[in-house]
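K.L.:
sequence first, predicted model second:
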Amino acid sequence: NTGNVSWFKYEPIKWQILEESTQNGKKYATLVCNIAIDSQEYYRTTSSRTINGKTVYANNYAESNIRKWLNDNFYNTAFNSLQKELIQTIEVDNSARSTNPDNNATEWNSGKNSYACANTYDKVWLLSEQEVTRASYGFSTSTSGAVGNARIKMSSDYAKAQGCYKETSTDYKGACWWWLRSPYCSIDYYVKRVDDGGYTYLDSFVNNTFGGVLPALKIAL
């Protein structure tokens, strides 16, 4: 609101461990923030554009505003130099497979997604439809939600002030909806999201500013 000034207490970000792994004798952990820490648009407009002679749709994750925000604004604000040394750059899977549930590669549009983009190399990313239905990550394999679903997330006071959606019903009171990186399979300006009730088969306009952001990253232990 114009003319209002808000003050926030800065606290350490709390992370949920999704997976621990060992590569070449070194141990790593993949993490996701346990609450939505901000509210951001996925991309600023629903219109497509041309980059290097190719049409890029609004739900292209590689060219999205939210990817740039995660790996620039967020990364450089949230972490000091010592913490940055632990954060790994990984190849993020943006294939059509990643836009379908982990236990069903063909659930949406027979597994086809013409809006899936090339893989990206990032330090921070959003989770995909496949990852939020992965049992090994502690999530339900069903795309439906229910009370107690691990995908149901709250948001920070700062995120709420930024416009993050907050559910007011009794069952999911206080829960938000949050962005996935996965594009919707049949409309070029829709992106998948996790609803306040833990559902993953819903979507939203890319320029919706109500969506919560849950950064994910991989660190060396």
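P.N.:
Looks like it arrived, so ask away.

K.L.:
the chain: strands as residue ranges?
P.N.:
Here the chain has its strands, by DSSP state E, at 15-23, 26-33, 38-39, 49-51, 54-56, 90-92, 120-122, 178-183, 190-194, 202-205, 212-213, 216-220.

K.L.:
could you give the mean pLDDT of the fourth one?
P.N.:
The predicted model assigns strand 49-51 a mean pLDDT of 96.

K.L.:
same thing with stretch 133-151?
P.N.:
Mean pLDDT, computed over stretch 133-151, is 94.

K.L.:
and the contacts of it?
P.N.:
16, 18-19, 101-103, 107, 129, 131-132, 152, 171-172, 194-195, 197-201 (C-beta atoms under 8 Å, 6 or more residues apart in numbering). C-beta coordinates here come from the backbone N, C-alpha and C atoms, glycine included.

K.L.:
now the strands of the chain in CSV, with distance to Ser142 and mean neighbour count?
P.N.:
Compiled in CSV, those are given as follows (distance: least, C-beta to C-beta, whole Å; neighbours: other C-beta atoms under 10 Å):
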stretch, distance to Ser142, mean neighbour count
strand 15-23, 18, 13
strand 26-33, 19, 17
strand 38-39, 27, 24
strand 49-51, 36, 11
strand 54-56, 33, 11
strand 90-92, 24, 16
strand 120-122, 28, 17
strand 178-183, 16, 28
strand 190-194, 13, 26
strand 202-205, 14, 19
strand 212-213, 21, 27
strand 216-220, 21, 19
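
K.L.:
let's have the ones you listed in a markdown table, adding distance to Asn73.
P.N.:
Below are those laid out as a markdown table (distance: least, C-beta to C-beta, whole Å):
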| stretch | distance to Asn73 |
| --- | --- |
| strand 15-23 | 19 |
| strand 26-33 | 15 |
| strand 38-39 | 9 |
| strand 49-51 | 21 |
| strand 54-56 | 21 |
| strand 90-92 | 18 |
| strand 120-122 | 14 |
| strand 178-183 | 15 |
| strand 190-194 | 19 |
| strand 202-205 | 21 |
| strand 212-213 | 11 |
| strand 216-220 | 15 |
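
K.L.:
fine by me, thanks again.
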